[in-house]
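Visitor: need coordinates for the below:
(one chain, ligands or ions: 1)
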Amino acid sequence: MAATTRAPVLAGNWKMYKTMAETVVYLNEFKILTQYAEGCEIVIAPPFPALAAAAEAVQGSKIRIAAQNLHWEKEGAFTGEVSAPMLRAAGCSDVIIGHSERRQYFGETDETVNRRVRAALEGGLRPIVCVGETLAEREAGQTTDVLLRQIDRALASLTPESASPIIVAYEPVWAIGTGRTATPEIAEEAHQTLRDRVRKNLGAETAEHLRILYGGSVKPANIQGLMACPNIDGGLVGGASLEPALMAAIIHYQS
Ligand code: PGA
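Guide: So this is what the prediction gives:
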């Protein structure tokens, strides 16, 4: 049987960069730079205050807008939090969940990741679920254990149907913002581990359709080598996504 074709996803995670005005300037330029990009999905994740303006700026293009987090309740006394219906109303289609910076600095756990994933799915948002080991875990030989624990718990209690919109991002923590990319071999091994686990938990069809993105110092110079790997289906790009020309070059990695 021929391998399933999975449309690549190139996603930019802006983290805590860019005001609303800067977002609109970026997207107006980026829309033109990517207008002929075909066969891939493009996602941009600005900070919360810029989401509605971003969604408006990309109208008529194929660019999707993602939030960088969400709360699992729809509304309530949760000062500082934002819910799935609010993100949908602002024009978001996707949401990043469980980024290592949230796990490291804001108390995110495998359990809260799972609650957010379920809330996103219920609210009609496509989750981009981040997993990845720290340097200490890799050096201690715990990479596989960490990845299996994170993916099992992130997707706990989902069915093949409910899980079908999900995108996973493998982001080794030691490669994020460090300029130190995982080699394609290291990344491919982790992606294979994750896909095998999803196959075991949710079945062959879900596993074959699942897009697994690589994240961690992705740039125009290394995207091609990563995308050549059979289990790497795209990139989650931090630093390089802040420059429209660099992000567009990553999206056009084949040309
Ligand atoms: P980076 O960040 O590309 O700057 O390493 C990736 C990420 O954190 O998603």
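Visitor: CA only for contacts and neighbour counts going forward, please
Guide: Will do.
Visitor: Gly80: neighbouring residues, count only.
Guide: For Gly80, the count of nearby residues is 6 (other CA atoms under 10 Å).
Visitor: tell me the secondary structure for it?
Guide: The assignment at Gly80 comes out as coil when based on DSSP: H, G, I helix; E, B strand; the rest coil.
Visitor: dihedrals phi and psi, it?
Guide: phi 90, psi 0 (degrees, to the nearest 10).
Visitor: do the same with Thr178
Guide: Thr178 adopts backbone torsions of phi -110, psi -10, taken as degrees, to the nearest 10.
Visitor: neighbouring contacts of the lowest-mean-pLDDT helix or strand in the chain?
Guide: When each helix and strand of the chain is scored by mean pLDDT, DSSP states H and E, helix 135-139 comes last, with a mean of 94. For helix 135-139, the external contacting residues (CA atoms under 8 Å, 6 or more residues apart in numbering) are Thr143, Val146, Pro172, Val173, Trp174.
Visitor: strands of the stretch 51-200 of the chain, residue ranges please.
Guide: 63-67, 94-97, 126-131, 167-170 (DSSP state E, counting those that start in this stretch).
Visitor: the last one near the ligand anywhere?
Guide: By that I understand strand 167-170. No. Strand 167-170 does not reach the ligand (CA under 6 Å from any ligand atom); its nearest approach is 8.4 Å.
Visitor: please export the C-alpha coordinates of that strand as CSV.
Guide: Output of strand 167-170 as CSV, limited to C-alpha atoms (Å, rounded to 0.1, in the frame of the first residue of the first chain):
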residue,chain,number,x,y,z
ILE,A,167,-1.1,17.9,15.0
VAL,A,168,1.9,16.9,17.1
ALA,A,169,5.1,18.9,17.3
TYR,A,170,8.3,17.3,18.5
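Visitor: residues touching the closest residue to Thr34 other than its chain neighbours, list them.
Guide: Distances taken as CA to CA, 6 or more residues apart in numbering place Ala248 nearest to Thr34, at 6.0 Å, with adjacent residues excluded. For Ala248, the contact set (CA under 8 Å, 6+ apart) comprises Phe30, Leu33, Thr34.
Visitor: out of those residues, which is nearest to Phe78?
Guide: Phe30 (34.9 Å; CA to CA).
Visitor: surely that closest one is within a helix?
Guide: Yes. Judged by three-state DSSP, Phe30 forms part of a helix.
Visitor: what is the neighbour count of Gln192?
Guide: Going by other CA under 10 Å, the residues that sit close to Gln192 add up to 15.
Visitor: contacts only, for it.
Guide: Asn231 are the contacts of Gln192 under CA under 8 Å, 6+ apart.
Visitor: rerun at 10 Å
Guide: Each residue near Gln192 by CA atoms under 10 Å, 6 or more residues apart in numbering is listed here: Val198, Ile212, Pro230, Asn231, Ile232.
Visitor: in this structure, which residue is closest to the centre?
Guide: Central residue of the chain (CA atoms, centre = their mean): Ile128, 4.0 Å from the mean position.
Visitor: how close does that one sit to Tyr170?
Guide: Distance from Ile128 to Tyr170, counting by CA to CA, to the nearest Å: 10 Å.
Visitor: which residues do these two both contact?
Guide: By CA under 10 Å, 6+ apart, Ile128 and Tyr170 have these common neighbours: His99, Ile212, Leu213, Leu236.
Visitor: could those residues go into CSV alongside pLDDT and neighbour count?
Guide: Listed next are the shared contacts of Ile128 and Tyr170 as CSV, based on pLDDT from 0 to 100; neighbours: other CA atoms under 10 Å:
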residue, pLDDT, neighbour count
His99, 98, 22
Ile212, 98, 29
Leu213, 98, 28
Leu236, 98, 27
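Visitor: what sits against Leu246?
Guide: Per CA under 10 Å, 6+ apart, neighbours of Leu246: Phe30, Lys219, Pro220, Ala221, Gly239, Ala240, His252.
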